[in-house]
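make a model of this:
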Amino acid sequence: MATSEMVDARPQKHSLTLHGHRTSVSLEAPFWRAFLKIAEAEGKTINGLAAEIDDARLGSSGLATAIRLYVLAWYQNRISPPDRIS
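Residues are numbered from 1 along each chain as shown. Prediction:
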């Protein structure tokens with residue numbers, strides 16, 4: 001992360017549409033950019049990927065937290081793919 005990103009790491013609101021309903025999430029710029037890149041890499045729209053994450057989240061965690069965890073896991077899996085059972 002560039003030093004300039006750490007200086008202004010306040011979350012910013014971003015609008016999404018999940019299953020036809022408008023909502024917003026507050027994410028830091030580096031997480032938002034990573035989320036956009038992941039959606040593109042997976043051939044999905046940002047709204048579609050957000051809806052998938054929303055549908056899969058458990059418990060009382062918010063959508064923004066679920067997106068951050070998804071981004072983290074996606075990049076971790078690229079560095080060290082999970083063990084596969086043959």
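
in three-state terms, label the most centrally placed residue in the chain for me.
Centrality entry for the chain: nearest residue to the mean C-alpha point is Ile67, 3.2 Å, by Cα atoms, centre = their mean. Ile67 carries the three-state label helix when classified by DSSP: H, G, I helix; E, B strand; the rest coil.

and it, how far from Ala34?
Between Ile67 and Ala34 the computed distance is 9 Å (Cβ to Cβ, to the nearest Å). Any C-beta I mention is one placed from the backbone N, CA and C, and that applies to glycine too.

ok, back up a step: and the residue nearest to the centre of the chain, what pLDDT?
The model reports Ile67 with a pLDDT of 97.

could you do Ser60 as well?
What the model reports for Ser60 is a pLDDT of 80.

go on, the one 10 residues further on?
Tyr70 carries a pLDDT value of 96.

who are the packing partners of the helix or strand that contains it?
Secondary structure assigned from DSSP states H and E places Tyr70 in helix 63-79. In terms of contact count using 3 or more Cβ pairs under 8 Å, 6 or more residues apart in numbering; DSSP states H and E, helix 63-79 is assigned the packing partners strand 21-27, helix 29-41, helix 46-56.

tell me the angle of the shortest one relative to helix 63-79?
By that I understand strand 21-27. Between strand 21-27 and helix 63-79, the angle comes out at 60 degrees (axes from the mean of the first three to the mean of the last three Cα atoms, to 10 degrees).

before we move on, back to that, redo the helices and strands packed on helix 63-79 as a markdown table? Include distance to Arg78 and mean neighbour count.
Rendered in a markdown table, the data for the helices and strands packed on helix 63-79 read as follows (distance: least, Cβ to Cβ, whole Å; neighbours: other Cβ atoms under 10 Å):
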| stretch | distance to Arg78 | mean neighbour count |
| --- | --- | --- |
| strand 21-27 | 20 | 14 |
| helix 29-41 | 10 | 16 |
| helix 46-56 | 16 | 16 |
